[in-house]
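> here you go, sequence then predicted model.
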Amino acid sequence: MVWVAAQAVLFGLIIFLPLESQFSLSYSFTFIAFVLSAIGLYVLMKAIYDLRRSLRVSPVPAENGKLQTKGIYSWVRHPMYLSVWLLLGSSVLLSGSYTKLFLLAGLIVFFVSKATYEERLLKKKYPGYDKYIKRVGAFLPKVKRRKT
């Protein structure tokens, strides 16, 4: 429950904290922010769809849940965290607030910690989770190296 409350506070501060714009983006970076936001929305919707009944806000795995390794989960292990970073990151960049940028950095550290805790629980619940970790990146897809 502490994880969920801390997450809600960080979300609330980033989204609702009224601050003056301290920097602005060029048109090309504004366009990039909108593209990243669209990607974030797609990743979020795909992750929700792929997870379906195993979906939880808490890092504790659902009691009757199944390990999802297909769909977007075959690319990254924590696509919802990635989608939040993309969506809120775009919002923060467009807001032009250094304070919100600092809060976003805190949110990223928070999600890395939450994912670490969550993965300990997933390793205990699902015997194949260690193999999954070796194949799939946590927040970004793993780049496969060619053997020469």
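Happy to help now that I have it.

> grab the nearest non-local neighbour of the most centrally placed residue in the chain.
The centre of the chain sits closest to residue 81, judged by CA atoms, centre = their mean, with a distance of 1.2 Å. Leaving aside its sequence neighbours, residue 81 sits nearest to residue 111 (CB to CB, 6 or more residues apart in numbering; 4.4 Å). Glycine gets a C-beta too; all of them are placed from N, C-alpha and C.

> re earlier: in which helix or strand does the residue nearest to the centre of the chain reside?
Using DSSP states H and E, residue 81 sits in helix 79-95.

> Three-state assignment for the residue nearest to residue 57 when sequence neighbours are not counted, please.
Excluding its sequence neighbours, the residue lying closest to residue 57 (CB to CB, 6+ apart) is residue 4, at 5.2 Å. Under DSSP: H, G, I helix; E, B strand; the rest coil, the three-state class of residue 4 is helix.

> does residue 4 touch residue 58 like I think?
Yes. Proximity of residue 4 to residue 58 meets the contact threshold set by CB atoms under 8 Å, at 5.9 Å.

> quickly note the distance from residue 136 to residue 70.
11 Å (CB to CB, to the nearest Å).

> these two: which has the busier surroundings?
residue 136 (16 against 8; other CB atoms under 10 Å).

> need the contact list for that one.
By CB atoms under 8 Å, 6 or more residues apart in numbering, residue 136 lies in contact with 69, 73-77, 142.

> what's it sitting at in phi/psi?
Per-residue torsions, residue 136: phi -120, psi 130 (degrees, to the nearest 10).

> check the offset of stretch 87-95 from the chain's centre.
Distance of stretch 87-95 from the chain centroid (CA atoms, centre = their mean, to the nearest Å) equals 14 Å.

> next, the buried residues of stretch 69-79.
Using 16 or more other CB atoms under 10 Å as the burial criterion, the residues of stretch 69-79 that qualify are 69, 72-73, 76-79.

> now for residue 130, how many residues are close by?
11.

> I'd guessed it sits against residue 123; true?
Yes. Counting by CB under 8 Å, residue 130 does reach residue 123; the two are 6.4 Å apart.
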